[in-house]
Structure formats: structure tokens, C-alpha cells
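Trainee: got a predicted structure plus its sequence, pasted below:
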Amino acid sequence: MIDFNNLINDIITTKISCITSLKLFLFIIFALIISLIIDMTFGELPTRIHPVVVIGSIISFFKKLFIGIKNKLIGLFVVVGVYSVSIIILYLIYLICSWNFVLFFIVFAILLSSTFSVNMLLKTADDVKCALDESIGKARQLVSYLVSRDTDEMTESFIVSATIESLTENITDSYVAPVFYYFIFGIVILCHPINNQLFYLLLIPMAYRISNTLDAMLGYKTDELIDIGFVPAKIDDILNFIPSRIAGVFIVISAYLLNLDGKNAYKIMMRDARKCPSPNSGYTMATTAGALNIQLIKKDTYILGDDNKVITKEDISKAVSLSKITINLFTIVIIFLLSLIYVIL
């Protein structure tokens, strides 16, 4: 029987035995499962202690410090500053909690859950659908929190489209990407143990969340942010390149599982994914449009999918179901692959 009380002492050392390797493998798997359960059950952490809110405050500090310098490389100083402060804070939390396994595991799982946001992603889309049942004005207000475009005169079809776009675009950065990087580094430390490996295991998905938050706050082509946001936006594009395409493939598979149009999902992904200004967001949005046989339209920016049927609020429910299956399927495959790799090793 595994002695979990000695887990931390064993797996943070450089030399790890076969037994400790098993403990590390179980830790990686159970931490992911528990963190997903935490997010799905409780949603977001309170604002005052939410890591993303803390990261946002750090970004705001460095933004004020460098915003006056008009040079596209200045964003690199912001990135380095934000990462440095965030890593120091995370390492202090790691040191404080390492003395007790139960405390460490709980804090690790909570912090890992903060790197993705499945509950809020799905609930927000459901809330818009419910709002449409009450009044279009309320739905417009809710959608205004999701997208940067003007929602004051949006018709129902455009509200539905914007909701599905926001939902599916965020499948990548709200879950697939941080878990992908967690999975990759989990394999790395199983193959090549290092000191403080659990700290780095948490740092990798947290680093992705830092990058994503930097892009969300600074990555706009406005007069104010076009210079300081250039580097953060490019880094986020690079980090999302592989996960976005993986997410697109999983949406295709999930469409088949839900008896949606999987064939058309793949067709539209390959045809329309590159129509978006972002090099990554189209791979989930276009695929969903194909699966639902609808068009997703952002005026003067892109049209994804074919106008095979009229888009309705019921398509939001279908998109939510498709997103749930995609996320669950991705999680199952990640756990299976990690288990398979561990057995082979």
C-alpha cells in the first residue's frame, strides 16, 4: 500500500526509485482529476484570492510602469517582470505548503484548477440562453461581457452566434491548453526526475495562464496597447498553436459521439479556421459551426460555416453539450496516454 504521507519527501528529490515514480504518476493523475472536480463543483475562487486576479494586478503595475514607452519590444519587459514576481509568489506558496502532504495536495489542486475555467465557460453560455427566454435586452447585456463588439443593437441570431463563438474559442485557453502543458511536463518529470519537480509541474500550466492573462489585458491593437501588447500577443499565439488544433480535432470526434455532423465539422475546420484574425481561435469556432451546420458571423471580420439552417438559441445548448464532451474526452485521453506512457517506461 502506498504511503502518501511520505510522498512529498520522495518525489522532490533528484533520484527517484520505481516505487516513487508510481507515486509521482498517481499524484499527477489525481491532482488533475480533483482540480477539474473543484472547478466544475465550485467554479471560480473568490476574487480576493484568485491567482488570475493577483496576476492581473501585477500586470497592471508593470503596464503603468512601461506604457509610456512606444516600442514593440517594451512588452518583453512587462512579460519578464510579471513572470518574475508571479514565480516568486508561487514558489513561496510551494515552500509554505510542502511540509504537509494533505495541505500541499489541496493547495496544488486548487491552484491547478485556477488555470482553467470550465464551470464559468459553460455556465456563461447557458446564462445567455436563459436570458433570451426572458428578454433580448438582458441577453445583450450578458453578451457584452463576453465579446468586445457592440451589442446594443444585436439581433437574437447575432447574440447566439457571439455566445457560441466565445464559448468555443475559449475551449482552448480555458482548459485544453493548460492541461496540455501540464500533461507534457508530467511526462518530462516521469522520464527525467528533477529537484522541486512538483513546483515546476504547477508552474507550467500557471505560466500558460499568466501568458493568456497578459494577452487578454494587453493584446489589443489600440493606440494605447499596440506596442506594449505586441510581445504578449505573439507569445500567446505561439503557446496556443498546438492546443487549438488539438481542441479542433477533439470537437470533430465529439461531434460524431453526439450524432452531430462530424464530417462537416472537419470540412469547415479545414476550410474556415484560418479566416479569423487570430491564428488559433478559428480551429474551435469553425469546427463547431460545421458540427452544428450553422454560420458564426462577426460583422466585417469573418463568416465561419455554411448557412444550412437558421441559427437559434437551441444551438447554444448544442454547443454547450459539444464543449462538455470535448473537455471530458480530452481529459480521458490525456489520462489514458499518461498511463500508457508510464507503463511503457
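Mentor: On my side now, so go ahead. Numbering: from 1, shown residues only.
Trainee: from what I can see Leu142 touches Val128, true?
Mentor: Yes: proximity of Leu142 to Val128 meets the contact threshold set by CB atoms under 8 Å, at 5.0 Å. Quick note: C-beta positions are derived from backbone N, CA and C, even for glycine.
Trainee: of the two, which one has the most company?
Mentor: Set Leu142 next to Val128 and count neighbours by other CB atoms under 10 Å: Val128 wins out with 26 against 19.
Trainee: looking at it, the more buried one is touching Phe158, isn't it?
Mentor: No: using CB under 8 Å, Val128 makes no contact with Phe158, being 11.9 Å away.
Trainee: next up, the contacts around the closest residue in space to Lys70 that isn't next to it in sequence.
Mentor: Excluding its sequence neighbours, the residue lying closest to Lys70 (CB to CB, 6 or more residues apart in numbering) is Asp227, at 5.2 Å. Going by CB atoms under 8 Å, 6 or more residues apart in numbering, Asp227 touches 69-72, 74-75.
Trainee: ok, which pair from those residues is furthest apart?
Mentor: Put simply, by CB to CB the two of the contacts of Asp227 set farthest apart are Lys70 and Gly75, 11.5 Å from each other.
Trainee: the more surrounded of those two?
Mentor: Higher neighbour count among Lys70 and Gly75: Gly75, with 26 against 10, using other CB under 10 Å.
Trainee: you'd agree that one is in a strand?
Mentor: No: Gly75 is assigned helix when assessed by DSSP: H, G, I helix; E, B strand; the rest coil, not a strand.
Trainee: so it touches Leu225, yeah?
Mentor: No: using CB under 8 Å, Gly75 is not in contact with Leu225; the gap is 9.2 Å.
Trainee: ok, longest helix in the chain?
Mentor: Ranked by residue count, the top helix of the chain under DSSP state H comes out as helix 314-344.
Trainee: average pLDDT across that helix?
Mentor: The average pLDDT within helix 314-344 is 95.
Trainee: just checking, what packs against that helix?
Mentor: helix 18-42, helix 118-134, helix 156-171, helix 177-191, helix 230-257, helix 282-292 (3 or more CB pairs under 8 Å, 6 or more residues apart in numbering; DSSP states H and E).
Trainee: most packed of the ones you listed?
Mentor: helix 282-292 (a mean of 30; mean count of other CB atoms under 10 Å).
Trainee: mean confidence for the very next helix or strand once past that helix?
Mentor: Downstream of helix 282-292, the next assigned helix or strand under DSSP states H and E is strand 296-298. On average, the pLDDT along strand 296-298 is 92.
Trainee: can you list contacts of strand 296-298?
Mentor: Outside strand 296-298, the residues that reach it (CB under 8 Å, 6+ apart) are 149, 158, 161-162, 164-165, 285-286, 288-289, 302-305.
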